[in-house]
Structure formats: C-alpha cells, structure tokens
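1. sequence plus the predicted model coming up.
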Amino acid sequence: MASGGAEEDDGGIPLDIDNVHMLLQVEHEQIQKRTFTNWINAQLAKRCPPSFVSDLFSDLRDGAQLLDLLEVMSGQSMKRQRGRGVFQQRANIETALNFLKKKSIKLVNINIPDIIDGRPSIILGLIWTIILHCHIEELANALSFSSRHSSLDSLSSLDSWSGSPVPASPVPAGRTSPLHRRFRISAKKALLMWVRDQCQKVHCSVSVRDFKSSWRSGEAFLAILCSLRPQLVDLSLVPSRSNQENLEEAFHVAERELHIPRLLEPQDVDVKDPEEKSIMTYVAQFLQYSNDMPTPDDHLQ
C-alpha cells in the first residue's frame, strides 16, 4: 500500500509518495554532482599547473585532487604520497581530513574507506563541507555591518522563517566588525541577508526567503547582477520573459561580464523543489565578486 498520495511519472505510471521522494533525492544528487564538479574545477583552474575533475565520485578516490583543492582554498602546500596504491590513497585522504579537522570542521560520517569506494553521498557531503566552511563561511566573515547597511530588524526577519531567534544583544564589537561573527548568525543567513540587501538597493520587490523556490524565476539572480553592475541588466524585462529565459540571461551575463563560473543550468533551478546547496554555492560566487570589488576608499589610496 502506498504511504501517501500518488503522482504520475512522465509515462503516466502512478508513483507513491516514497518513490516521489526517492526520485527527488536522485535528482538533487545529480544536480549537486554537476554543481560541485563545476565548482571544484573552477578552483582547480587557479592552480599552477591546473588540474581537473571529470567524475567527482571516482577522481577523488586517490586523495590527490582533494589535496589540490585544499591547497587552493587555504593557500598552503600539502604533503602527499605519490603513487596509486591503496596505502598512498589512504595517506592522502587522511592528510586532507586531518587538515579539515584542525580547522575545527566537523566531519560527520565521513571516513577514508567510503571515499576510496567512491560512495556518492559521502563524497557529496565532504565537498559540501569544504564549500560551506572553506568558502561560504570565509565570505560571510568578510561582511561588515557598516558597509552592508544591515540592521537587527532584518536579522529578525530572516529568523522569522528559520525558527531560530537572534541573540538579544550583539557581541560587543567595533562598528565595522564582521557581520557573521558579530551577530552569531549562520553563514547561510549572512549570505541570504546580503542577497536581500542587493535586491533592496535596486528596488527589486522579489521575496528571497530561502535558497530554493525564491530563485526559480531568475529575478533574484538578475537583481544581484543589477546591484553589482547596473548597466548590465534591465529588470523591467523580467516579467515579459519565462523563468528559464531569465535564468539563462543571468547565468550568461554573470559568466561573460563578471567571469563567474556557470555552475548551474536554468533547468536545474526552474523546478518544483530546487536544490538548496547548489544554489548557495552559486550565489556565494556573487558575494565573492562583491568582496573583490574596489571600494571608494581604495581609489583614494
């Protein structure tokens, strides 16, 4: 007996709710794999010499490209074992995991044999951990209270949908202390707050409440682009185009003009339940671009 209501697949065959959830999980895993592979290759392209991942689940098994990635993210040189034997694989992966642990990054259910075996869920979990803590966290830490014109009111509105309260009083700090650390909010909330600020700057009314369905129309991506480079985007055209047309415009312009790697495709986002981690990974690149932009003070120096 089905455990809930039924939907139909493309062939008209009824699917019970368990099968729907399983198919959604598979779809999300495929999107994560593509997005994370694209993200890793964007980082590995910065190496000298650059390296490349073709299959995320098999190419990380010897630990060498995992160490390459951590070298790029940290700017530190990683000792490694040469060779393709199991001993060398284990040693390289252990070096990578120990490096993350020394940064106080929790590795839940991530162990060496599963990485060597290429288990999809474990490898996706490991790469997401690296993206979140070594990329998004670092970007969130650079957000300053004064430069983003943020307020405790907007922090409260963010928490209204997450269910977790903001501390009653901020941590004592200077006026320009990092927003992420000062208010003890998560990197996810800090990133979402930054997105809202960008939308407000260009008077875009799109409601960005999450990193899922809020992005389906493409308007939020275009609003960020408009905030960063106003001459590149005409927001008045958004209502006349389809979701996928808006998404394609945003991804194309971001790649061509801002040199932001195209991690996603429109069909990845214009779905009933977009994949949260993939969207966060892509949006973080816009924050990185913003952080790297010269400030008015830079021109005065």
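-> Looks like it came in fine.

2. where does Lys272 sit: helix, strand or coil?
-> coil (DSSP: H, G, I helix; E, B strand; the rest coil).

3. list the contacts for it?
-> Residues near Lys272 by C-beta atoms under 8 Å, 6 or more residues apart in numbering: none. Every residue, glycine included, has its C-beta placed from N, CA and C.

4. next one: it relative to Glu219, how far apart?
-> Plainly put, Lys272 is 18 Å away from Glu219 if you go by C-beta to C-beta, to the nearest Å.

5. could you do Ser227 as well?
-> 12 Å.

6. kindly report the same for His252.
-> Taking C-beta to C-beta, one finds His252 at 16 Å from Glu219.

7. so which of those two has more stuff around it?
-> Taking neighbours as other C-beta atoms under 10 Å, His252 and Glu219 compare with Glu219 leading, 25 against 12.

8. count of neighbours near Pro113?
-> 11.

9. hmm, I typed the wrong one, I wanted Ile116.
-> With other C-beta under 10 Å as criterion, Ile116 counts 16.

10. what of the one 4 residues further on?
-> Summarising burial for Pro120: neighbours were counted as other C-beta under 10 Å, giving 15.

11. which ones are touching it?
-> Glu29, Lys33, Phe57.

12. hmm, try it at 10 Å
-> Val26, Glu29, Gln30, Gln32, Lys33, Leu56, Phe57, Asp114 (C-beta atoms under 10 Å, 6 or more residues apart in numbering).

13. roughly how far does the third one sit from Ile110?
-> From Gln30 over to Ile110 the distance is 21 Å, taken as C-beta to C-beta.

14. those two: which is more packed in?
-> Remark: of Gln30 and Ile110, Ile110 carries more neighbours, 18 against 13, as counted by other C-beta under 10 Å.

15. report the contact partners of the more buried one.
-> Counted by C-beta under 10 Å, 6+ apart, Ile110 has contacts Ile93, Leu97, Leu100, Arg119, Ser121, Ile122, Ile123, Gly125, Leu126, Thr129.

16. from those residues, which land in helices?
-> Ile93, Leu97, Leu100, Ser121, Ile122, Ile123, Gly125, Leu126, Thr129 (DSSP state H).

17. which helix is the longest one in the chain?
-> The chain, longest helix under DSSP H: helix 17-44.

18. average pLDDT for it, rounded please.
-> Mean per-residue pLDDT for helix 17-44: 89.

19. and it, what does it pack against?
-> For helix 17-44, the elements it packs on are strand 7-8, strand 14-15, helix 56-59, helix 64-74, helix 120-131, helix 266-269, helix 276-292, judged by 3 or more C-beta pairs under 10 Å, 6 or more residues apart in numbering; DSSP states H and E.

20. quick one: buried residues of the very next helix or strand once past the fifth one?
-> Same thing as helix 120-131. Downstream of helix 120-131, the next assigned helix or strand under DSSP states H and E is helix 137-141. Residues of helix 137-141 classed as buried by neighbour count (16 or more other C-beta atoms under 10 Å): Glu137, Leu139, Ala140.

21. what's the burial count for the closest residue to the second one other than its chain neighbours?
-> In other words, Leu139. Beyond its immediate neighbours in the sequence, the residue positioned closest to Leu139 (C-beta to C-beta, 6 or more residues apart in numbering) is Leu287, lying 4.9 Å away. By the criterion of other C-beta under 10 Å, Leu287 has 22 neighbours.

22. try Ala220
-> Ala220: 24 neighbours (other C-beta under 10 Å).

23. residue contacts, it?
-> 195-196, 198-199, 204, 206-208, 211, 214, 246, 250, 279, 283.

24. show the buried residues in those.
-> Buried among these by 16+ other C-beta under 10 Å: 195-196, 198-199, 204, 206, 208, 211, 214, 246, 250, 279, 283.

25. that older thread, quick one, which of the helices and strands packed on helix 17-44 gets closest to Glu257.
-> helix 276-292 (10.3 Å; C-beta to C-beta).
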